[in-house]
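J.: how would this look folded up:
(2 chains)
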2 protein chains.
Amino acid sequence: MPYRSPVSEFTFLLDKVVGFSAVQGTERFAEATPDTVQAVLTEAGKLCDEVMGPLQRNGDLDPAALENGVVRTSDGFAGGYEAIAEGGWVAIAADPEHGGMGLPLTVATAVNEMMAGACLSLQLNPLLTQGQIEALEHHGDDAMKALYLPKLISGEWSGTMNLTEPQAGSDVGALTCKAVDNGDGTFAVTGQKIYISWGDADFVSNVCHLVLARLPDAPAGTRGISLFMVPKYIPDADGNLGPANSLRVVSLEHKMGLHGSPTCVMSFEGATGWMIGAPGSGMKAMFTMMNNARLGVGGQGVGAAEGAYQHALAYANERVQGKSPERTIIGHADVRRMLATMKAEILAARSIALDCAVSLDMGRATGDADWQARAAFLTPIAKAFGTDVGCAVSEMGVQVHGGMGFIEETGAAQYYRDVRVTAIYEGTNGIQAMDMVGRKLMDGGEAAFRLLDEIEAEAEAAKATLPDLAEAVWEAAETLRETAEWLLTQDMANRFGTAVPFLRAFARVLGGHYHLRAAIAEPEGAHGRLARFYITRLLPEHSGLLAHVRSGDAGLMEITPDDLAA
Amino acid sequence: MPYRSPVSEFTFLLDKVVGFSAVQGTERFAEATPDTVQAVLTEAGKLCDEVMGPLQRNGDLDPAALENGVVRTSDGFAGGYEAIAEGGWVAIAADPEHGGMGLPLTVATAVNEMMAGACLSLQLNPLLTQGQIEALEHHGDDAMKALYLPKLISGEWSGTMNLTEPQAGSDVGALTCKAVDNGDGTFAVTGQKIYISWGDADFVSNVCHLVLARLPDAPAGTRGISLFMVPKYIPDADGNLGPANSLRVVSLEHKMGLHGSPTCVMSFEGATGWMIGAPGSGMKAMFTMMNNARLGVGGQGVGAAEGAYQHALAYANERVQGKSPERTIIGHADVRRMLATMKAEILAARSIALDCAVSLDMGRATGDADWQARAAFLTPIAKAFGTDVGCAVSEMGVQVHGGMGFIEETGAAQYYRDVRVTAIYEGTNGIQAMDMVGRKLMDGGEAAFRLLDEIEAEAEAAKATLPDLAEAVWEAAETLRETAEWLLTQDMANRFGTAVPFLRAFARVLGGHYHLRAAIAEPEGAHGRLARFYITRLLPEHSGLLAHVRSGDAGLMEITPDDLAA
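T.: Sure, this is the predicted structure:
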């Protein structure tokens, strides 16, 4: 059951649902004309369908392995990566000054999602490189940009992020990796990092590690963290590779899924590094990288959901069982319900990711603080909801397959196992929700309420043509607004106790908003029918979630560790 | 992090929540005194903690394998099984006439759940034998009972169910396995069966297969199905093993989890079988077995949830991260929320399973049709909700572990992978929901409304002492009642389209009912606090689910296969 990139669906969403024309109307992205975007999506779709999709199972059946200290990648991945790099797909949004295409992030988001749907484990490699490019574009000095960016953008070299240490996971500030000034413009970086995705690969000539570490006199906590570029091979100023650096892959993790992506334990043993930005500014640079990456990981969730959905749909269309009119199980009401749920959830999560990307593009193109705030507010939602949908849809994909879903040969189980990590890495979904109710409401909820104003105004206008759907979306937005207003009166303890249901409720309502737009665009078509399904059946979930939120942390922390052990 | 059987929790639920004293008050179960039950649970708990729990990882790390046509079981499983059999734990509810203990099914349900929590893959073996014992007790003739039951009950032999064929999964009536009368009281059984759990094992001297097959002149569909006992080795009348039968394990499935349990493709090649019951009555006998097994599988879900919960709780108590007061992540509000959710869901699902078992025991002991109808109504809920909770709690268990959750060494991922099949086998959870809104409402909803009457009456009475919790449960039950009344006016197409959310909503409300009882018993204690958490935060989910239900299939089947492919 081969993956087929949903190019026409992206075109529909860009045109009718997430207002991409605003991006195209800016001077910065004037070259991203509808024709260009269509051509880019179509070409990327071909790469995904013809090259990456066929590699999906290889990642699982022939996992990346550490052989003689070097990562040997899955069968076919080297060729797949070469096609990605040669086509210029590693970083299509990168700055043209260093070889990028300068396309909007919105287009990159769509392409990344398609690549993730086709082969998640391989796609993670260029996604990480994109994050590194972003960090260098913002925080690197000119020499570093000139040296590294062309190689990263072309895909000749790849990039990694080295944050986590055994004792410092979600609490990045606890990291202890050391960097000592060599006095020659370089630093000696020493320490162990874990969970380093694509910490090595045999299909690139160099692997560039961005490493968070502390100078000897650095203060404790996040203010004492600096960022270093630590390449596997030390290049000269022209990018010619020199001696191997003092770093190595200690081991690969034995994971539940995503076996095509080597998750490395890295050891830096006085490795030569170059500081990026000022001492103590490492977290700031890392956040640049992580913001991009969070949206990218949300898109991984949506992509995996799309792959799992296509897989389940194909099975439901083929599998004969029982006496339904069509004889295949797609004629069974409960299977139809599952498939419609999967498709409706994908539209919701995909639109959130695209809207977030549109907001980022608009923020960059116009410098408008409102767009930037909107992007910042949508980022944790795009990450958490996108990956939750990835998990839930792949879970339903297994169920549609019945007994075959539990058998590895069908591939349904692989989606379920692979995507699970996306709800964890790049900040767990709990961390995303805390970011949303904490930092992202520090504007007094301005960005949130602007979104709700938009949702309600459009629903109000839609009442003339789609009265029941519009009314349901308006009502849900209003309940959400009341809860958000209440939440803003609460202290952080109260907010954190119910951050996850609040984020999910917000995503639910946003999903209603995008589905309503889709229904307005196509009231008698497939999108109109799917919107009715979402708004009447899935959107009502918000009420239970918001009831949960309004409990705050009352009664939560009173459940003691002893109670939990009872 | 070793498994610890929750014996005192079972004692609490039996005493205070599911009314087990009614069972103890019957003549049939008069010997199941509180002291006896306590002793049984304590002893079973020891077996689970000391013998079975330590085998859990072995099933994953050393999967069952087919070697020279015979299943070689995981390291330690043979010794574990021996301990189960020697302790008499294979079938504690079986008839004393053939060596059983004759204990209530309620006690067996508790013991089975503990065994499942300790080592799911090994526990499945005796669970299947229990189903076979049940089928033989009801449908076997005296000779067959005398020959097979003592061996099965002692654990010397094990039992399997052979239903599924490649083209006949949920649609059992489509099966084509043949049985031809040999004219000597035996039949020659020929065909291939798939998904045969524990189709072979090296720790029993015989494997007894119950096989569904058709006589040559049988009508099509389920009415033409007969049931046959087809042992691996043909015993003489005294139970001495004779020649090997013409059957074999063709292969083992390569599954996502539950690797300790061999899932066999079985081939019967003119194998000698004995018919059980009359020709064409196979489905009836199989349903006897499946009803028991459905409750048992629901308990597997709860057991896996308990195991995953204990695992996550231990990790949260140890893992230091961030600046929370206790320094360990259990001090983080979002982690506390996850753990409380897990524990609260387990109480709800466990109580449903135990209440179902109490109803079965009362039905058997008294012959009262109301108890029997209550048991029949609760069975699909116990299966579907129990296994959904198994999946959801193990999913949260992974999340509590953060990045470690995706690494196999912690064991969190194994719970997540292993339990997934329980939502599929023994009738998918969609099939359970259709059974509930179809066959189980054919009484005009009598059993359902009696349950709702009970819930509302108790909530009404509790308003004096726990006004807010009681009011919330009463309101939820009333909304559910209105939806159930509406559902009864709908045709099957409408019911099937939203059967799954209806089942889940019913389980949610039942969970509120049991939590309220727990709170009444222990208003100032851990159970009271947990009940407040469940009723204020999780119970509100029912409203969104019931809104979904009231959509019926309107707009569902209008979403065409073409729409889904768009």
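J.: what's the nearest residue to residue A:44 if we skip its chain neighbours?
T.: In this structure, residue A:44 finds its nearest non-sequential neighbour in residue A:111, 4.4 Å apart by Cβ to Cβ, 6 or more residues apart in numbering or on different chains. For the C-beta atoms, the positions are set from N, CA and C on the backbone; glycine is no exception.
J.: which SS class is the one you found?
T.: Three-state call for residue A:111 (DSSP: H, G, I helix; E, B strand; the rest coil): helix.
J.: Name the residues of the stretch 1-150 of chain A found near chain B, please.
T.: Counting by Cβ under 8 Å from any Cβ of the partner chain, the stretch 1-150 of chain A comes close to chain B at A:8, A:9.
J.: Helices along the stretch 1-150 of chain A, start to end?
T.: Secondary structure of the stretch 1-150 of chain A (DSSP state H, counting those that start in this stretch): helices at A:7-12, A:21-24, A:34-46, A:56-61, A:77-86, A:105-118, A:120-139, A:142-154.
J.: Against residue A:103, how distant is the residue nearest to residue A:44?
T.: Per Cβ to Cβ, to the nearest Å, residue A:111 is found 9 Å from residue A:103.
J.: okay, and the common contacts of these two?
T.: Common contact partners of residue A:111 and residue A:103 (Cβ atoms under 8 Å, 6 or more residues apart in numbering or on different chains): A:40, A:92.
J.: Settle it for me: which of those two has more neighbours?
T.: residue A:111 (26 against 21; other Cβ atoms under 10 Å in any protein chain shown).
J.: Would you check that that one makes contact with residue A:46?
T.: No: the criterion here is Cβ atoms under 8 Å, and residue A:111 misses it with residue A:46 at 11.6 Å.
J.: Where is the longest strand in chain A?
T.: strand A:263-276 (DSSP state E).
J.: partners of that strand in the sheet?
T.: When sheet partners are counted by DSSP bridges, strand A:263-276 sits next to strand A:187-197 (antiparallel), strand A:225-231 (antiparallel), strand A:247-252 (antiparallel).
J.: Now the element after that strand, going C-ward?
T.: Heading C-terminal from strand A:263-276, the first helix or strand you meet, by DSSP states H and E, is helix A:282-318.
J.: For that following helix, what is the distance to the chain centroid?
T.: 5 Å (Cα atoms, centre = their mean, to the nearest Å).
J.: That one and chain B in contact?
T.: Yes: Helix A:282-318 comes into contact with chain B (Cβ under 8 Å from any Cβ), by way of A:313, A:317.
J.: Endpoints of stretch A:156-174, how far apart?
T.: For stretch A:156-174, the first-to-last residue distance is 34 Å (Cα to Cα, to the nearest Å).
J.: should've said stretch A:529-539
T.: 14 Å.
J.: and that stretch, is it in reach of chain B?
T.: Yes: under the criterion of Cβ under 8 Å from any Cβ, chain B is reached by stretch A:529-539 at A:529, A:530, A:532, A:533, A:536, A:537, A:538.
J.: what's in contact with that stretch?
T.: A:340-341, A:343-345, A:347-348, A:468-469, A:472-473, A:476, A:508-509, A:511-512, A:515-516, A:518-519, B:498, B:501, B:547-548, B:551, B:555-556, B:558-559, B:563.
J.: Just the buried residues from the residues you listed, in PyMOL please.
T.: Per 16 or more other Cβ atoms under 10 Å in any protein chain shown, the buried members of these correspond to this PyMOL selection:
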select buried, (chain A and resi 340+341+343+344+345+347+348+469+472+473+476+508+509+511+512+515+516+518+519) or (chain B and resi 498+501+547+548+551+555+556+559+563)
